[in-house]
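# Structure of the sequence below:
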Amino acid sequence: MKNSFVHLLGLALFTLVLGACQNIGFEKTKSGLEYKIISSENGDSLKHGDFIKFNYRIMPIFFD
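Prediction:
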């Protein structure tokens, strides 16, 4: 009985993780690159010589 509960819990967690992996709000370039711009509207504009920080994530692509 305990083993069935663990398997059911694992399946539920797996389903939750897969459901959270949707690319909501992303745009796609012609080459297929997906991106999302996150900004605050009250921030200062960049000036020449300013530094910026950005984060990126490389995710594997699986082909059938």
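# Mind jotting down where the helices sit in this protein?
Shown for the chain, the helices assigned by DSSP state H span residues 2-19.
# where does it have low pLDDT?
Low-confidence segments of the chain (pLDDT under 70): 1-2, 14-23, 64.
# let's go with 90 and repeat that
Applying pLDDT under 90 to the chain picks out residues 1-28, 32-47, 52-64.
# what's the spacing between S39 and H48?
Separation of S39 from H48 (Cβ to Cβ, to the nearest Å): 19 Å. For the C-beta atoms, the positions are set from N, CA and C on the backbone; glycine is no exception.
# again but with G25, I slipped
Counting by Cβ to Cβ, the gap from G25 to H48 is 30 Å.
# Next, count neighbours for S31.
S31 sits with 5 neighbouring residues when counted by other Cβ atoms under 10 Å.
# contacting residues for the closest residue to E27 other than its chain neighbours?
Nearest in space to E27, with sequence neighbours left out and distances taken as Cβ to Cβ, 6 or more residues apart in numbering, is Y35 at 6.0 Å. When contacts are counted by Cβ atoms under 8 Å, 6 or more residues apart in numbering, Y35 touches 26-29.
# Other residues contacting stretch 47-64?
By Cβ under 8 Å, 6+ apart, the surrounding residues in contact with stretch 47-64 are L46.
# Now, the contacts of Y35 that are in strands?
Per DSSP state E, strands hold the following members of these: 27-28.
# Now, of the contacts of Y35, which are buried?
Neighbour counting with 16 or more other Cβ atoms under 10 Å marks none of the contacts of Y35 as buried.
# Which one of the contacts of Y35 is nearest to L8?
Distances from L8 to those, taken as Cβ to Cβ, are shortest for F26 (32.3 Å).
# Next one: that closest one from D50, what distance?
For F26, the distance to D50 equals 26 Å [Cβ to Cβ].
# same question, M59
Look at M59 and D50: by Cβ to Cβ, they are 29 Å apart.
# Please apply the same query to F5.
Distance of F5 to D50, computed by Cβ to Cβ: 55 Å.
# now swap in L9 and tell me
To D50, L9 is 49 Å away according to Cβ to Cβ.
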